[in-house]
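>>> Got a predicted structure here, sequence first:
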4 protein chains.
Amino acid sequence: MTKKIKKIGVLTSGGDAPGMNAAIRSVVRTCAFHKIECVGVYRGYEGLIEGDFKILTARSVNNIIHTGGTMLKSARSKEFRTKEGRQKAYLQLKSVGIDALVLIGGDGTFTGGMIFNEEFGFPVIGIPGTIDNDIFGTNFTLGYDTALNTVVEAIDKIRDTASSHKRLFFVEVMGRDVGHIALNAGVGAGAEEILIPEEDLGLDRLLDSLRRSKQSGKSSSIVVVAEGDKIGKNVFELKDYVEENLEEYEVRVSVLGHMQRGGSPSCFDRVLASRMGVKAVESLLEGKSNYMVGILDNKIILTPLDKAVKGKTEINKELLRVSDIMTT
Amino acid sequence: MTKKIKKIGVLTSGGDAPGMNAAIRSVVRTCAFHKIECVGVYRGYEGLIEGDFKILTARSVNNIIHTGGTMLKSARSKEFRTKEGRQKAYLQLKSVGIDALVLIGGDGTFTGGMIFNEEFGFPVIGIPGTIDNDIFGTNFTLGYDTALNTVVEAIDKIRDTASSHKRLFFVEVMGRDVGHIALNAGVGAGAEEILIPEEDLGLDRLLDSLRRSKQSGKSSSIVVVAEGDKIGKNVFELKDYVEENLEEYEVRVSVLGHMQRGGSPSCFDRVLASRMGVKAVESLLEGKSNYMVGILDNKIILTPLDKAVKGKTEINKELLRVSDIMTT
Amino acid sequence: MTKKIKKIGVLTSGGDAPGMNAAIRSVVRTCAFHKIECVGVYRGYEGLIEGDFKILTARSVNNIIHTGGTMLKSARSKEFRTKEGRQKAYLQLKSVGIDALVLIGGDGTFTGGMIFNEEFGFPVIGIPGTIDNDIFGTNFTLGYDTALNTVVEAIDKIRDTASSHKRLFFVEVMGRDVGHIALNAGVGAGAEEILIPEEDLGLDRLLDSLRRSKQSGKSSSIVVVAEGDKIGKNVFELKDYVEENLEEYEVRVSVLGHMQRGGSPSCFDRVLASRMGVKAVESLLEGKSNYMVGILDNKIILTPLDKAVKGKTEINKELLRVSDIMTT
Amino acid sequence: MTKKIKKIGVLTSGGDAPGMNAAIRSVVRTCAFHKIECVGVYRGYEGLIEGDFKILTARSVNNIIHTGGTMLKSARSKEFRTKEGRQKAYLQLKSVGIDALVLIGGDGTFTGGMIFNEEFGFPVIGIPGTIDNDIFGTNFTLGYDTALNTVVEAIDKIRDTASSHKRLFFVEVMGRDVGHIALNAGVGAGAEEILIPEEDLGLDRLLDSLRRSKQSGKSSSIVVVAEGDKIGKNVFELKDYVEENLEEYEVRVSVLGHMQRGGSPSCFDRVLASRMGVKAVESLLEGKSNYMVGILDNKIILTPLDKAVKGKTEINKELLRVSDIMTT
């Protein structure tokens, strides 16, 4: 029989993402609603080991739903990867009477949580917070929708100058292993080509496509490139290659970088975070553990953490086709 | 046997919505991709009757994916509600050889399309474009996601001044018959109460809730009100009522109005529009007619137009509960 | 001989404006730079009377430069208008050793400050914070530039829907006594007419202008109206009047309201606030009192508070003419 | 005696900047107001040589005031630097009866215009359009204010992630020869250090400053670097240098790049563009030539083109000091 939960801890770990604060707020207020205590754990697993705790009341999370970043800070912890580190963390939790943890983060965060749960039988529930949308068991991760809007707004600005000068732009966006941001933001920004890790377009087809684009009367072009695209050249090498092979193009590069991780969350991310926080806390109160909260087909559901970590998200093939048609 | 389609017309009708231009672009480029002609019909059914047509090539829709409004203009047509009007429209279509129509709009647009299809056997496919998200057969209508972001950004600004002055704000948002915008934007903006047409909170509970909110230590409050909320008082009467009954509150009103319909579409709306446009054209090419394109569970699907028109969307009960918990 | 200043208080009063937080930050950090103490006075003159004080260090104002509203809150105080109220305020200041005050606000704030200075010889310096730009002695008040951007962004959205439907919109913006926001945002938004308190266009000329606008081929129109425009009808009466007299127009109204006061300050307002805060503190340290900091011709200068309060800002006649020419 | 001007040409040249479209609109409408013809010259001096002309009426410039880029396109022309090229351009102008030119651009554009005026006595007036604000004779160039807002918004996002992770960010902004963007946006974004071409902070002082910043309790830092900063290392070398010498810092780099040139112009830039366009056309009509329109102390004035080209803008020393104080 599971022990009754009276105090829940919440932490954010890994790369920060817009919506994390909205999720923290939701966890805190759901605890308050159910009249149990909530403790904020600062700096992720590092703060867990050090006992960097603070009690959070419903009023502690006023005016944060619209802010980017994470008020609990985040960090990557080497020590938590060791048995000793996790032991310390466990003792810290026991010493203040925390009965369960809500973990907001990505793959690495969840893997840490699973091991911790396995070793100490400590109840944990994960909330997927990462702009990359690369977590199995949810259609959307927190921050992904906001990042897409940040990227298309930046490319809208770049297009102003691209079309004033008849230039070709390579715009690098985040996504080392997955192309969700590149594919969706590429379609949203009206990109001529989209290079993603899941598909190897090949340099020849890229040149063909750019030639065709020019012939069809387009005077400027945007190519969106995911960090980890399959062609394997980085975005600056791509520029050089294209300039050598397509003299008619003047090429520029823009690497959007870390601004993609910040900013005020979109309404979608705020609502999603609010829903996920409720589900996380109430699942713990129902005695559940070792799950990740996700949204599938507009319903908030649970997926076992190990499936969430091992599973692979897939690129939307229909959207690849839509992208091709749009560049007609 | 259905005749082969060689020329497709596209129009926008009813209230405009962000993403309509992205949908027009998608329809035009999908036609170009399949090497059939595309004709833009200006000013909705009014322009259809008057033959206000223009051939659109793939290049005609450059640089519109990010723009609000509709390049084809919209209008409400009384004449199209008459048999004579529709007869004229049919002759205009025949005279230039248009074989099928893509209709971008809401309920009224689709009803007109169904009658037209019934009378003349003319192939039509609808794309739901309205910020209200009140169309059955799709989780999201074009423009809805953008409108939510517009509303939360406006309320974020209002909250700055509300919390500087310890005030209560009633913010009226669009939604005469449905509360989707109010509920989602209300949760997204961290509203203390949300008044929607689907639920009658009642004036007493509203006062109770505001009293509780004050006691819990909140110094300012936002109440989001859908145009058609059930309490039946308009937003200015609500203000007076609360000021009479809760002297501790200084109350202000803000009616967000038509700015909710405009603005550059969000990435979500641009991608959705691109997918819907492809599906609309390809469905016509496959010989289908009298359907609306929708997105259900992240898949682009078809719903018979009469179901789309007769069906009712429902408010998300889980989200109502989340909203309650968040105001703890 | 003036006593050496060792502790400075800062407060915000009257309507809040974007940039107030950036000004508070600047006052606090300039104090820290000069190694004197800084005390935040909460809720304006009300908090001054009640002794609602908090010591602010350089780190207390981290991460507020980009936020709207005022972290010190604002309030209107009836008690400070009485001799007794001001006496209480003076005792509060003495009791904690505050030697001088920086007052961030508008006309009313400065008038209060002058009387207080007169009665108690207490050193005060004002910083003009109001979106209305109606303070003599400065080309720009804090928040004005941000409000202009907020207004033109809102009208850009309204224009999307106006031009999709061929409608006429009356957009009411703030400005009860002065038309700076209306005139500048009207020109910035490309309005067809601009109605301001300083000029009585007259109803006949308005109708003429709208008729001409229609004849010149414009299909939609925006008229920007300051709250206090001279025609004397409110914006809803204007709508009715135009609809009665110009049947060809479908008219809509939008009252932008309090969102104009909020939002993240523009770069201009942040820089201006930083410069003004430095000047305010250093002027006090130099023994000056009873001045307002302003910006004239890109230089930060001082104006005696009584001149600032009595003087009148004037509408830019050249800009009125530019506005006329732009509507050709 | 100057010939009466009946037809004016307008072109944009050099790097594009937000507000160029608003300036084009103003030039076109001022011509219409004075009942003279206006001709758009496409692709700068290149289009001038090729006769890439189009008549622009008041209605040709509807709905462009809020758009980034330039509807007339821009290009750099090698041929215009030759006598032959300019001769061709002159003949093109004569062949269609253009009597005078408005040139929107920067230093290079004006230099070309002066030589052209000298050789052919052809009346020209310049409007300063560049985000760099590096033109003598005007406090503000078109696009500068917008670029500042774009930069601070991007840095606000980066700060979210910086402060979540306790990181140091080097953010590179435009400005090869002048530090106006870096200094103003740096102050506006609350940067800890600002590296500009006009001042050599030196690597030692940078390290000192970062060490002090850490000791003062700041957990994250932003350093804004102008492209052409005096330290002479590029931003990636700076990162390496700091990481080697300050182990306590995890450093990241963000190069904002071309998005700084695009986007919808701020209200300030739209109003400035409208005022400058009127002045440019009316100055030509008054028989003036070889001047640049500028804004000094809020008045629209003229500066001889050669002074505008030869003069140097200076960095605001007061603002440098404000910047130092703000990092306390």
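Sure, I can see it.
>>> pretty sure A:Ile64 is touching A:Gly19, no?
No - A:Ile64 is not in contact with A:Gly19 according to CB atoms under 8 Å; the separation is 11.0 Å. Bear in mind the C-beta positions are built from the backbone N, C-alpha and C, glycine included.
>>> more neighbours, those two?
Set side by side, A:Ile64 and A:Gly19 show more neighbours around A:Gly19, with 36 against 17, by other CB atoms under 10 Å in any protein chain shown.
>>> Ramachandran angles for that one?
With angles defined as degrees, to the nearest 10, A:Gly19 sits at phi 110, psi -20.
>>> Show the contacting residues for it.
Neighbouring residues of A:Gly19 by CB atoms under 8 Å, 6 or more residues apart in numbering or on different chains: A:Gly129, A:Leu142, A:Gly143, A:Thr146, A:Pro265, A:Asp269, A:Arg270, A:Leu272, A:Ala273.
>>> Let me have the residues you listed in a markdown table, adding pLDDT, distance to C:Ser283 and secondary structure as columns.
Formatted as a markdown table, those follow (pLDDT from 0 to 100; distance: CB to CB, whole Å; DSSP: H, G, I helix; E, B strand; the rest coil):
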| residue | pLDDT | distance to C:Ser283 | secondary structure |
| --- | --- | --- | --- |
| A:Gly129 | 98 | 47 | strand |
| A:Leu142 | 98 | 48 | strand |
| A:Gly143 | 98 | 45 | coil |
| A:Thr146 | 98 | 43 | helix |
| A:Pro265 | 98 | 41 | coil |
| A:Asp269 | 98 | 45 | helix |
| A:Arg270 | 98 | 43 | helix |
| A:Leu272 | 98 | 50 | helix |
| A:Ala273 | 98 | 46 | helix |
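>>> As a markdown table, the residues you listed with neighbour count and distance to chain B would be great.
A markdown table is the format used below for these (neighbours: other CB atoms under 10 Å in any protein chain shown; distance: CB to the nearest CB, whole Å):
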| residue | neighbour count | distance to chain B |
| --- | --- | --- |
| A:Gly129 | 32 | 17 |
| A:Leu142 | 32 | 13 |
| A:Gly143 | 33 | 13 |
| A:Thr146 | 29 | 10 |
| A:Pro265 | 30 | 8 |
| A:Asp269 | 28 | 8 |
| A:Arg270 | 32 | 4 |
| A:Leu272 | 32 | 10 |
| A:Ala273 | 30 | 9 |
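>>> and of these, the nearest to D:Arg25?
A:Thr146 (33.6 Å; CB to CB).
>>> Look up how far A:Gln260 lies from that closest one.
9 Å (CB to CB, to the nearest Å).
>>> Pairing partners for A:Val10 in the sheet, please.
Counting by DSSP bridges, A:Val10 is bridged to A:Gly40, A:Val102.
>>> farthest pair in the contacts of A:Gly19?
Maximum pairwise distance among the contacts of A:Gly19 (CB to CB): 12.7 Å, between A:Gly129 and A:Arg270.
>>> how about A:Phe76, secondary structure?
For residue A:76 the amino acid is Arg, not Phe. Following DSSP: H, G, I helix; E, B strand; the rest coil, A:Arg76 is assigned to coil.
>>> and it, how many neighbours?
A:Arg76 is flanked by 17 other residues according to other CB under 10 Å.
>>> isn't it right up against A:Asp16?
No - A:Arg76 is beyond contact range of A:Asp16, at 11.6 Å (criterion: CB under 8 Å).
>>> Any idea what the closest residue to A:Val96 other than its chain neighbours is bridged to?
Spatially, and ignoring its direct neighbours in sequence, A:Val96 is nearest to A:Phe53 (6.0 Å; CB to CB, 6 or more residues apart in numbering or on different chains). On the basis of DSSP bridges, A:Phe53 is bridged to A:Val41.
>>> so A:Phe53 makes contact with A:Ser95?
No - proximity of A:Phe53 to A:Ser95 does not meet the contact threshold set by CB under 8 Å, at 9.5 Å.
>>> Which strands or helices does the host helix or strand of A:Ser213 pack on?
Assigned by DSSP states H and E, A:Ser213 falls within helix A:203-215. Helices and strands touching helix A:203-215, by 3 or more CB pairs under 8 Å, 6 or more residues apart in numbering or on different chains; DSSP states H and E, are strand A:193-195, strand A:221-226, helix A:235-245.
>>> Could you count how many residues lie near A:His248?
You called it His, but residue A:248 is Glu. When neighbours are counted by other CB under 10 Å, A:Glu248 registers 9.
>>> Can you classify it as helix, strand or coil?
What three-state DSSP gives for A:Glu248 is coil.
>>> tally of neighbours for the residue nearest to A:Tyr42 when sequence neighbours are not counted?
Setting aside the residues directly before and after it, A:Tyr42 is nearest to A:Asp52 in space (CB to CB, 6+ apart), at 4.1 Å. Number of residues near A:Asp52 (other CB under 10 Å) recorded here: 18.
>>> Now do A:Asp52 against chain C, distance only.
Plainly put, A:Asp52 is 18 Å away from chain C if you go by CB to the nearest CB, to the nearest Å.
>>> wait, that residue sits on A:Val39?
No - the criterion here is CB under 8 Å, and A:Asp52 misses it with A:Val39 at 10.5 Å.
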